[in-house]
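Visitor: Generate a structure from the sequence data that follows.
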Amino acid sequence: SGVLPCAVVGFPLGAMHAAAKAAETRQAIADGAREIDVVMAIGAAKAGDWAAVRADLAAVLDACGGVPLK
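Guide: Below is the predicted model:
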């Protein structure tokens, strides 16, 4: 069909530790996901802690190993 299997990590609030999101990402890819959607750390964003949001997303991006991340 041309549709890529996608997985969402950090659902629903993105509140878990970045290492947990990275592990979830690696497992999703091992299980066949070919695209990853991530829920950013909403609490950190609401608090204006953009460094924490960036670090969180960077951990997931690193775990993607080239698999597209949204």
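
Visitor: The longest helix anywhere in the chain: how far from the chain's middle?
Guide: The longest helix of the chain (DSSP state H) is helix 50-64. On the basis of C-alpha atoms, centre = their mean, to the nearest Å, helix 50-64 is displaced by 8 Å from the centre of the chain it belongs to.

Visitor: for it, packing partners?
Guide: Counting contacts by 3 or more C-beta pairs under 8 Å, 6 or more residues apart in numbering; DSSP states H and E, helix 50-64 is packed against helix 18-30, strand 35-38, helix 42-46. Backbone N, C-alpha and C define where each C-beta goes, glycine included.

Visitor: neighbouring contacts of the shortest one?
Guide: The one in question is strand 35-38. The contact list for strand 35-38 (C-beta atoms under 8 Å, 6 or more residues apart in numbering) reads 4-10, 14, 21, 25, 28-29, 57, 60, 64, 67-70.

Visitor: just the buried members of those?
Guide: Buried members of the contacts of strand 35-38, scored by 16 or more other C-beta atoms under 10 Å, are 7, 9-10, 14, 21, 25, 28-29, 57, 60, 64, 67, 69.

Visitor: Looking at those, which gets the smallest pLDDT?
Guide: The lowest pLDDT within the buried ones among the contacts of strand 35-38 belongs to G14, with 92.

Visitor: for that residue, what are its contacts?
Guide: Contacts of G14 by C-beta under 8 Å, 6+ apart are 21, 38-43, 56.
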